[in-house]
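Enquirer: For reference, the sequence and a predicted model appear below.
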Amino acid sequence: MNPLEHQLDYPFGDRLPQVTERIEVAPGIFWLRMPLPFALDHINLWLLRDEIDGRSGWTLVDCGIASDPVREAWERLFVDGLDGLPLLRLLCTHSHPDHIGMADSLHRRFDAPLWISQGEYMSARVFTTMTPEMDSESQIVHYRRHGVVEKEQLDALRARGRTYFRSLVPSVPPWFHRISGGETVAIGSRTFRLVPGNGHSPEHIALYTEDGGQPILISGDMVLPRISTNVSVFEIEPEANPLEWYLRSLRNYDDCATDTLVLPSHGRPFTKLHVRLGQQHAHHAERLEVTRKASAEAAISACELLPALFGRRFNTHELTFALGEALAHLHALWYRGELRREIDAQGVIRFGAC
């Protein structure tokens, strides 16, 4: 959790929308909240009044996972929450399951096109079509390589790999409308600038506008108020440098107005965006220093870094992200030339001071 959260302002206080309730956060922009079956138990969705090709309706930003509770919530919203108007467009900030899981179902119901970056769409298509063996066995090789050796952990990770993505995203729409950072999109009476982001996902898109009074940033997962955005190295791109990409991407928000209202995917809408950006840079600088100290005396694996970086054990779901984040910090220092990489006799990759 963010220990400096008190430095942010929450214009809606502690108010949260109940499932199927919507809260208007700006004229024509409504806040929805869908459940997640994890410690992070919700995702925020954003419903924007729109008109496309002479039809009135909604643009929906992000969709929720494809679970029975979320499907039930959407069925109730179809009756009571959309003012009798259709979804005209689905705009997904990125391809993680809580953002794209329901996209195909909503696409088919409303014939609503999916607007998403090419990198995110292709990632989702890959993960929904990979065989279980490709999922789980490639992950096990990755975890072993980075120091996970306990049989129970490996068995749990193997079982999770067989089902995780497709259980939350059974399919994606068969076609998409490509969007890219730097472009603009008209939604209702506002024009949004599309802000690219890397590190958390392949080609994340946030939306920023200064139309209609207060500036608004629909930040997806790139800027969150209470938790640090996960930045991980995964088995599909084992030599990635996502932390460096993420920190560089945060600079794309430097020119946002000081009074911007941030609409994040998790947590509550907040202001003081630039304070939060500074907190994120400081947080990772501190985590990098922890990583330097942990690897100063002897080369360590990503798994061996976890106690110093986080100070606790993790369940199977959490371990995938924690290990990925530990590896991201090791890779950042490795690419900067501060750490060397070696492979020990057991085939485990370790990082030590140069």
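Expert: The structure has been received and is ready for your questions. Residues are numbered from 1 along each chain as shown.
Enquirer: Could you list the buried residues of the longest helix anywhere in the chain?
Expert: Identified as the longest helix of the chain according to DSSP state H is helix 273-294. Neighbour-count burial for helix 273-294 flags 273, 276-277, 279-280, 284, 287-288, 291, 294 (criterion: 16 or more other Cβ atoms under 10 Å). In short, each C-beta sits where N, CA and C put it, glycine included.
Enquirer: low pLDDT regions in this structure?
Expert: 131-135, 161-162 (pLDDT under 70).
Enquirer: residue contacts, the residue nearest in space to the middle of it?
Expert: Among the residues of the chain, the one closest to the centroid is Asp221, at 4.1 Å (Cα atoms, centre = their mean). If a contact means Cβ atoms under 8 Å, 6 or more residues apart in numbering, then Asp221 has 93-94, 96, 99, 200-201, 204, 229-230, 264-266 as its contacts.
Enquirer: before we move on, the earlier item: and for the longest helix of the chain, what are the contacting residues?
Expert: Counting by Cβ under 8 Å, 6+ apart, 2, 4, 7-8, 217, 223, 225, 228-229, 243, 247, 250, 253-254, 256, 258, 260, 262, 270, 300, 304-305, 308-309, 326, 329-330, 332-333, 338, 353 sit against helix 273-294.
Enquirer: what do you get if the cut-off is 7 Å, keeping everything else the same?
Expert: Here helix 273-294 makes contact (Cβ atoms under 7 Å, 6 or more residues apart in numbering) with 2, 4, 7-8, 217, 223, 225, 228, 243, 247, 250, 253, 256, 258, 260, 262, 300, 305, 308-309, 329-330, 332-333, 338.
Enquirer: Now do the same contact list for Leu32.
Expert: Contacts of Leu32 (Cβ under 7 Å, 6+ apart): 17, 22, 45, 47.
Enquirer: Ignore what I typed, I meant Gly199.
Expert: Going by Cβ under 7 Å, 6+ apart, Gly199 touches 231, 242-243, 245-246, 249.
Enquirer: show me where the stretch 251-354 of the chain has helices.
Expert: Using DSSP state H, counting those that start in this stretch, the helices of the stretch 251-354 of the chain run over 273-294, 302-310, 316-335.
Enquirer: ugh, wrong one, I meant the chain
Expert: Assigned by DSSP H, the chain shows helices spanning 68-80, 97-100, 103-110, 118-129, 132-145, 151-168, 242-250, 273-294, 302-310, 316-335.
Enquirer: so how far is the longest one off the chain centroid?
Expert: Averaging C-alpha coordinates over helix 273-294 and over its chain gives two centres that are 18 Å apart (Cα atoms, centre = their mean, to the nearest Å).
Enquirer: re the thing from before, show me the two of the contacts of Leu32 that sit farthest apart.
Expert: Largest separation among the contacts of Leu32 by Cβ to Cβ: Pro17 and Leu47, giving 10.5 Å.
Enquirer: picking up where we left off before, including neighbour count and distance to Val61, could the contacts of Gly199 go into JSON lines?
Expert: Compiled in JSON lines, the contacts of Gly199 are given as follows (neighbours: other Cβ atoms under 10 Å; distance: Cβ to Cβ, whole Å):
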{"residue": "Val231", "neighbour count": "26", "distance to Val61": "22"}
{"residue": "Pro242", "neighbour count": "25", "distance to Val61": "23"}
{"residue": "Leu243", "neighbour count": "24", "distance to Val61": "26"}
{"residue": "Trp245", "neighbour count": "17", "distance to Val61": "23"}
{"residue": "Tyr246", "neighbour count": "24", "distance to Val61": "21"}
{"residue": "Ser249", "neighbour count": "21", "distance to Val61": "19"}
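Enquirer: is it possible to export the residues you listed to JSON lines including distance to Pro173?
Expert: Output for the contacts of Gly199, formatted as JSON lines (distance: Cβ to Cβ, whole Å):
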{"residue": "Val231", "distance to Pro173": "28"}
{"residue": "Pro242", "distance to Pro173": "27"}
{"residue": "Leu243", "distance to Pro173": "31"}
{"residue": "Trp245", "distance to Pro173": "27"}
{"residue": "Tyr246", "distance to Pro173": "28"}
{"residue": "Ser249", "distance to Pro173": "26"}
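Enquirer: Show me which of those is closest to Phe314.
Expert: Val231 (16.2 Å).
Enquirer: dump the residue contacts of the closest one.
Expert: 199-200, 242-243, 246, 325, 328.
Enquirer: what's the spacing between Thr229 and Ser123?
Expert: 17 Å (Cβ to Cβ, to the nearest Å).
Enquirer: Oh, that last question was meant for Leu339, not what I typed.
Expert: 28 Å.
Enquirer: out of the contacts of Val231, who's nearest Asp111?
Expert: Taking these together and measuring to Asp111 by Cβ to Cβ, the closest member is His200, at 30.2 Å.
Enquirer: if I pick the closest one, what's in contact with it?
Expert: Per Cβ under 7 Å, 6+ apart, neighbours of His200: 221-222, 229-231, 246.
Enquirer: Hmm, Thr20 is touching Leu77, no?
Expert: Yes. Thr20 is in contact with Leu77 according to Cβ atoms under 7 Å; the separation is 5.5 Å.
Enquirer: Counting residues, which strand of the chain comes out longest?
Expert: Secondary structure of the chain read by DSSP state E shows that its longest strand is strand 42-52.
Enquirer: elements contacting that one?
Expert: Applying 3 or more Cβ pairs under 7 Å, 6 or more residues apart in numbering; DSSP states H and E, one finds that strand 42-52 contacts strand 29-35, strand 55-61, strand 87-91.
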